[in-house]
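J.: Pasting the sequence and the predicted model now:
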Amino acid sequence: MIIEEKRPGGASWWGIAAERARACGWQLLAVVAVVTAVRLTFVGLVVYVVPLYPWTPAVRIVLEALLLACEYGLAMRLLAFGPRFAAVLRVPPRQLGLMALWSSLLSVPVLSELLLALYPVVAFDLYRGPVVLVLLLAAFGGLVTAALPAAVFLEGSGLRASWRLLCGSWATALRLGAVALGAFLAESLVQELYAEAFLGSDSPFLALTVQELVAPVHVLAVLALYATYRRSPAARPAGSLAGPAAEPSAYPPVDAAFGAPGAVR
């Protein structure tokens, strides 16, 4: 149970993240590490084993997007349900597809890589365009994408819910921006270490092991995103707005941030 602050809105942002870390932190790390290992292994097989065809990068991007969506789906459900793996593992395929689709379409690096693989002439023409506009689009896409895991896996919605969460309050937007920026910088550092390990040892296994360092980064990111969602005034957990006669939410609050009677446990 989270220690409540004496103010409207219930538990603090840090209190929610700390409570969930204590309740299922090790299980969360294990789930993210396993899915990350599977994702990196499959992506590595596509890169190192499959012959380079024009469609190979597209296959890799689709595969990585689906596995990354699976990682976030399992992590979000674990934070919502607790360590009840029978419920955690039942991630609806529709939600996985939504997460993979929108996270890819909103990612400027993913779209650039896909365009470079399929239409290199068009990609090079775009690269000569205004850099500031590209950076603004990348920042905007990163902000909206940061709210996607909660919107998709906690509400069963998509881009509209992600945008609603982003516009819910300045605090939510700033927290989402900080999480997105922090995760981007940490993952960039891991990629630098991966490149150094690969070039320095010529061992794909060692390089993939170094890449596994993204697992704790994702754990911290998903904890921060979950806490941000719980504190957002625009949050609408599945079933919470359906009325008293409806079935209870599949995602019962773990704190009193929503003010629901009997929600604290």
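T.: Arrived safely.
J.: Can you tell me, leaving aside adjacent residues, what's nearest to Arg236?
T.: With C-beta to C-beta, 6 or more residues apart in numbering as the criterion, Arg236 has its nearest non-adjacent residue at 5.7 Å, and that residue is Glu155. For glycine as for every other residue, the C-beta is placed from the backbone atoms N, C-alpha and C.
J.: hang on, the one you found packs against Ala234?
T.: No - judged on C-beta atoms under 8 Å, Glu155 makes no contact with Ala234 at a distance of 10.3 Å.
J.: any low-confidence regions in this protein?
T.: 1-11, 46-48, 50-52, 54, 122-123, 125-127, 129, 198, 201-207, 238-265 (pLDDT under 70).
J.: Now do the helices in it.
T.: Remark: helices assigned in the chain by DSSP state H are 13-48, 56-81, 85-88, 93-105, 108-118, 120-127, 131-153, 159-166, 170-201, 204-211, 214-231.
J.: re the thing from before, tell me which of Glu155 and Ala234 has more neighbours.
T.: Glu155 (23 against 16; other C-beta atoms under 10 Å).
J.: residue contacts, that one?
T.: 161, 235-238 (C-beta atoms under 8 Å, 6 or more residues apart in numbering).
J.: Looking at the residues you listed, spot the one nearest Gly97.
T.: Ala161 (15.4 Å; C-beta to C-beta).
J.: What separation do you get for the residue nearest to the closest one when sequence neighbours are not counted and Arg20?
T.: Nearest residue to Ala161, sequence neighbours excluded (C-beta to C-beta, 6+ apart): Ala151, at 3.8 Å. Separation of Ala151 from Arg20 (C-beta to C-beta, to the nearest Å) stands at 18 Å.
J.: out of the two, which sits in the busier spot?
T.: Under the criterion of other C-beta under 10 Å, the comparison of Ala151 against Arg20 puts Ala151 first, with 28 against 23.
J.: OK, contacts around Val88?
T.: 31, 74, 77-78, 81.
J.: any idea which of the residues you listed is the one closest to Gly141?
T.: Using C-beta to C-beta, these come closest to Gly141 at Leu74, 23.5 Å.
J.: so that closest one makes contact with Val34?
T.: No - judged on C-beta under 8 Å, Leu74 makes no contact with Val34 at a distance of 9.1 Å.
J.: Of these two, give the one with the bigger neighbour count.
T.: Neighbour totals were compared for Leu74 and Val34, and Leu74 leads with 21 against 13 (other C-beta under 10 Å).
J.: Find the nearest non-adjacent residue to that one, please.
T.: Val31 (5.1 Å).
J.: Also Ala87?
T.: That would be Phe81: by C-beta to C-beta, 6+ apart, it lies 4.6 Å from Ala87.
J.: For that neighbour, the count of nearby residues, please.
T.: Residues lying near Phe81 (other C-beta under 10 Å) number 18.
J.: Next, work out how far apart it and Arg94 are.
T.: On the measure of C-beta to C-beta, Phe81 and Arg94 end up 18 Å apart.
J.: Test my guess that Glu113 contacts Thr56.
T.: No - counting by C-beta under 8 Å, Glu113 stays clear of Thr56, with 11.6 Å between them.
J.: Alright, calling it a day.
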